[in-house]
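Colleague: fold the following, please.
(3 chains)
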Amino acid sequence: MDKHLVLSILVAAIGAGTPFVFAALGELVTEKSGVLNLGVEGMMLVGAVTGFIAMTKSGSLLLAVVCGMASGVAMAAVFGLLTLTLMANQVASGLALTIFGVGLSAFLGLDYKSFSLPGVNELPLPLLSELPVVGKLFFSHDILIYASFILFAGVSWFLYRTKAGLILRGIGEAPKSAHALGYNVIKIRYMAVLFGGAMAGLGGAYLSVAYTPVWVEGMVAGRGWVSLALVVFATWRPARVMFGAYLFGAITIAQFHIQGLGIEIPSQLLSMLPYLATIIVLVVISRDAKTIRLNSPASLGITYHPEA
Amino acid sequence: MNFSKKQIVASLVSLACFAAFSMTAVAADKLKVGFVYVSPIGDAGWTYQHNQGRLEMEKNLGDKVETKFIESVPEGQEAERVIRDLAKSGYDLIFTTSFGYMNPTLKVAKMFPGKYFEHSTGYKTARNVGTYMCRFYEGRYMAGIVAGKMTKSNTLGYIAAFPIPEVIRGINAYTLGAKSVNPDIKVKVIWVNSWFDPGKEREAAEALITQGADVITHHTDSTAPVLTAEEKGVYAIAYHSDMSKYGPKAQLVAVTHNYGDLYTKIAKAVLDKTWKSEKIWNGVKEGSIKLAGMNPVVPKDVVALVEKTRQGIADGSIHPFQGPVKDQSGKVVVEAGKSLSDKELLGMNYYVEGVQGDIPK
Amino acid sequence: MKSVIRLLIPLCAVLLALLIGAGMLLSLGADPLSGYLTMFSAAFGSVEGFSETAVKSIPLLLVGVGICIAFRANVINIGGEGQMVMGALLATSVALTFPDVPSSLLIPMVLLAGAVGGAFWGAIAGALKAWFNVSEILSTIMLNIVAVQFMNFLLRGVMIDPAEVARGTGIPQTMRLSPHADLPILIEGMRMHLGVVVALLVAVGAYFLLWRTSMGFRLRAVGFNPDASRYAGISVPKNVTAALAFSGAMAGIAGAILVFGSESHRMVTDGSSTGFTGSAGFNGIVVALLAGLHPLWSIPSALLFGGMLVGANALQRAAQVPSALIIALNGLIVVFVVSSEFFKKRLLASGRVDAEAREENTLQKEKADA
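Modeller: Residues are numbered from 1 along each chain as shown, chains lettered A, B, ... in the order given. As a prediction, the model looks like this:
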């Protein structure tokens, strides 16, 4: 494989990985607060369909993005209501959200099934895009991809450089102590859940408005589950989420390039890789209590009862 | 979906009245025709074309027919139930428009010997089951001529769904068409193992463009390849439907299949009680395969050449698989002066010279 | 009174969802009342309709019953999809290897193979949880997709129908499996087959397992209070693995029944990442939740969801209402059922402590008996 080919695989991998970046960074923040939301797939689907409808109706990318995010927030609010206010089981509620999202998105998109959009133009950044290699790799994309870079920087900064981030992580580790220190656990978890919803919605909208760009029932096609896997694969760290997202993206892309070159590798085995890798990471980090504590939020998935 | 309580009540009442009224108003001697679609209709693609055919038939036959369609019916168990439900509720002629409906169609047809069934793209018929499909390869051959004339890199990209004879036939006809005007043509094929997956189709198109293809075509169902070509500034040849609105600059031409006349003819035959079980394989001659949405950038002489080829195919003087045709290894598969029979066409499982790579096993 | 509440609240949840669904029907210009009537009569109004509903309910019931066992042991099994696929694969291989074995032997063999295949896939997640402390929620999600891709790989490779290769069509499916393994039809001219009986037997069996055997007692004890169980000498890792294996076995049987009770009597894939299960692996969880994690209550619960699927088709035909509406309605029911837990707890709050104490008492007593 020559250099040109490798570079273009990497460029395409960034495009393919971007929905994962949005959804997984959102889920990362949610999980850091101690809440496991398995409804990513459903939120992405609803984000995809509303973004698509908004884009079709208005032609405005901004409006499409806002609508995609808003619908993700609405879905996440349902999840928050179930798990945080009504204290329902997080796993069951997350699954419910996914099943509901599949149906709701199909219903909302009835009049838009298999319709297409013109897509979003690439916006090479002046000067930066002319840099060798890096310019093509990072600065010749559409505006939503730049937004994902900014999101990454923002999430990293928030979680590890701000007091609010520290509190959020504290709540994920030990909600009772955080409560004792006077923080409103439920309120902060709500915000983390809603942020996760917004990002999942944005990831879905990116898919339907910029990446494919069509609306098809079930078009998220398991990317929500991949995003959940990614958060674990990345052991709850933003930088590793980025790496993992592009790696997963590159695996999908490479599979077509390899075919074009006339080499045959069963694509099914390649598609399995991200999940097998995640299971291995799970085994490695879960082996003993110490590595678990270092990596995953201690109260992840456990319902918090404020009065208790 | 904003409505007030009042509106709900109002529409509830009016709907109830309407339902009661419409139930008594069904005419008795209309031919009820049912259609089973594998995907949503959308605004382009396989099912869209079949639905266009249904609408044309309705227009042609007016109040002699009443049609109904059921879309997004998965192949397998679900399909059998849907087909049987249609037959049971008074539909006398049922079109099933996907390969995977073959066995369910035959099974239901056996239970309802008095009804007529038409299955698209299958190879099994019965006393009351006919099949129909289109000679896509004829359109592919003509599109190949356009691609062969317009490419600068001499590399054409082909996004293919599954390695079955129908798809392979299209790849080969396209290659032969392109080579007839440009002997240096190479065709690169990427299999996406799906009939409809816009994400994969886009990724495959990008890969082909990176590897030097400057005309992209697809044997898949979405508009993604044309959109990607438009975005990347290369040409595309659309399939199923005219997709020029998604790639005004990119689309050179579209290979389309059209069912209006065929559906009208079949429904008429049932009405006249002259219906027979047939294996229909229509092409350019019958107007089932057409090129549409020719891009103005295609030079006049190329357009003229394509038109001449179309006439030749229609009157039988040109056959896309006219010998000599060599396969990839250089072995002659169709001798000079001969062309392939329908049976040979239907079982095609090799690439002709000019296609790169191997057919996946 | 309490049992009335236990029954009434999920029912209210379903009704509330149907009410919202009525609004959605209206927005599509269909009459909700006649729409629901169409659905109901299609699913339950005739013997034939009921036969269809029963067939649709089989995988939901089997997965649901498996979920009851797992959740009772406090193990969250989201791997029903993958376990169904693995069960179907192993059962299919058995039918391909022993096509000439007579029906009376081959049918039990393929069902057993289905159970083993599913149990194996479940036990992987169980073992990872028990000995490596890997969250089974996450591992079962991953294993779902691994299983589907594994199936796609096999159906394109070693398991493909030789006729497909010879004809050059290459459709990823096995050959028509031995007719000896066809699940016998129960009523002439309809589709209800032996799978319905198997599913019912499994549901009853699961009930006995949970409440009439020491194995079931240990599973519930581990789920109820792992620390106390450990103290009492019950091996938590072994029972967690067992719970996932049991749960997987039932999903695996469901997968096998889907293959041998289908019209085509073969395994086929569309190459996608979703598989052939119709999401029964996920929907089964909802069936179990609606049934209050009780294997016997899972029977009406599965029939409800199965009937909705059958009714949806009729509704689409009668009113040209898209099937998406029914998926949305299905999702709504799920959301309401999950949220109804809260109200159930609230209403039962006064008795909650009692109930827990009673549960503990029974456990103590059963332990003494065992």
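
Colleague: for the rest of this, base every contact and every neighbour count on C-alpha atoms.
Modeller: Fine.

Colleague: run a quick neighbour tally on the closest residue to C:W121 other than its chain neighbours.
Modeller: Nearest residue to C:W121, sequence neighbours excluded (C-alpha to C-alpha, 6 or more residues apart in numbering or on different chains): C:Q83, at 5.7 Å. The tally of other residues near C:Q83 (other C-alpha atoms under 10 Å in any protein chain shown) stands at 38.

Colleague: likewise for the one 3 residues further on?
Modeller: By the measure other C-alpha under 10 Å, the count of residues near C:M86 is 34.

Colleague: spit out the contact partners of the residue nearest to C:W121.
Modeller: C:Q83 sits next to C:G117, C:G118, C:A119, C:W121, C:G122, C:N144, C:A147, C:G248, C:A249, C:A251, C:G252, C:G255 when contact means C-alpha atoms under 8 Å, 6 or more residues apart in numbering or on different chains.

Colleague: repeat the analysis, applying 6 Å as the threshold.
Modeller: Neighbour list for C:Q83: C:G118, C:W121, C:G248, C:A251, C:G252 [criterion: C-alpha atoms under 6 Å, 6 or more residues apart in numbering or on different chains].

Colleague: and the residue of the stretch 151-300 of chain B nearest chain C?
Modeller: Distances between the stretch 151-300 of chain B and chain C by C-alpha to the nearest C-alpha are smallest at B:I164, namely 4.4 Å.

Colleague: doesn't B:Y158 lie inside a strand?
Modeller: Yes - the assignment for B:Y158 by DSSP: H, G, I helix; E, B strand; the rest coil puts it in a strand.

Colleague: check contacts around it.
Modeller: With C-alpha under 6 Å, 6+ apart, B:Y158 has these contacts: B:V189, B:I216, B:T217, B:H218.

Colleague: that one pairs with what?
Modeller: Here B:Y158 sits in beta bridges with B:V189, B:T217, going by DSSP bridges.

Colleague: residues near B:N128, how many?
Modeller: 20.

Colleague: what of B:E66?
Modeller: 16.

Colleague: now, which of the contacts of C:Q83 lie within helices?
Modeller: Judged by DSSP state H, the subset of those located in helices is C:G118, C:W121, C:G248, C:A251, C:G252.

Colleague: ok, the third one touching C:G122?
Modeller: Looking back up the chat, that one is C:G248. Yes - with contacts counted by C-alpha atoms under 6 Å, C:G248 reaches C:G122, the gap being 4.6 Å.

Colleague: which of the two has more residues huddled nearby?
Modeller: Each of C:G248 and C:G122 has its neighbours counted (other C-alpha under 10 Å); C:G248 has more, 39 against 33.

Colleague: report the two of the contacts of C:Q83 separated the most.
Modeller: Maximum pairwise distance among these (C-alpha to C-alpha): 10.1 Å, between C:W121 and C:A251.

Colleague: more crowded one of the two?
Modeller: Shown here are C:W121 and C:A251; by other C-alpha under 10 Å, C:A251 has more neighbours (40 against 27).

Colleague: show me what contacts that one?
Modeller: By C-alpha under 6 Å, 6+ apart, the residues touching C:A251 are C:V63, C:G80, C:Q83, C:M84.

Colleague: now, which of those sits nearest chain B?
Modeller: Nearest to chain B among the contacts of C:A251: C:M84, at 17.3 Å, using C-alpha to the nearest C-alpha.

Colleague: gap between that closest one and C:V148?
Modeller: Relative to C:V148, C:M84 is positioned 10 Å away (C-alpha to C-alpha, to the nearest Å).

Colleague: neighbour-wise, which of the two wins?
Modeller: Between C:M84 and C:V148, C:M84 has the larger neighbour count (other C-alpha under 10 Å), namely 37 against 26.

Colleague: just checking, the more buried one touches C:G255?
Modeller: Yes - assessed by C-alpha under 6 Å, C:M84 is found in contact with C:G255 at 4.2 Å.

Colleague: so for stretch C:140-154, mean pLDDT?
Modeller: Stretch C:140-154 carries an average pLDDT of 91.

Colleague: any part of that stretch near chain B?
Modeller: No - interface with chain B: stretch C:140-154 contributes nothing (C-alpha under 6 Å from any C-alpha of the partner chain), its closest point being 10.5 Å away.

Colleague: what's the neighbour count on A:S58?
Modeller: 12.

Colleague: ok, A:A210 - contacts?
Modeller: A:A210 is in contact with A:G119, A:V120, counting by C-alpha under 6 Å, 6+ apart.

Colleague: how close does it sit to A:L137?
Modeller: Look at A:A210 and A:L137: by C-alpha to C-alpha, they are 18 Å apart.

Colleague: A:S299 too?
Modeller: For A:S299, the distance to A:L137 (C-alpha to C-alpha) stands at 38 Å.

Colleague: circling back: for the residue nearest to C:W121, phi and psi?
Modeller: Phi and psi for C:Q83, reported as degrees, to the nearest 10, are phi -70, psi -40.

Colleague: how about the strands in the stretch 101-250 of chain A?
Modeller: Assigned by DSSP state E, counting those that start in this stretch, the stretch 101-250 of chain A shows strands spanning A:115-116, A:214-215.

Colleague: and those, which is most packed in?
Modeller: Mean neighbour count, computed with mean count of other C-alpha atoms under 10 Å in any protein chain shown, is highest for strand A:214-215 among these, reaching a mean of 30.
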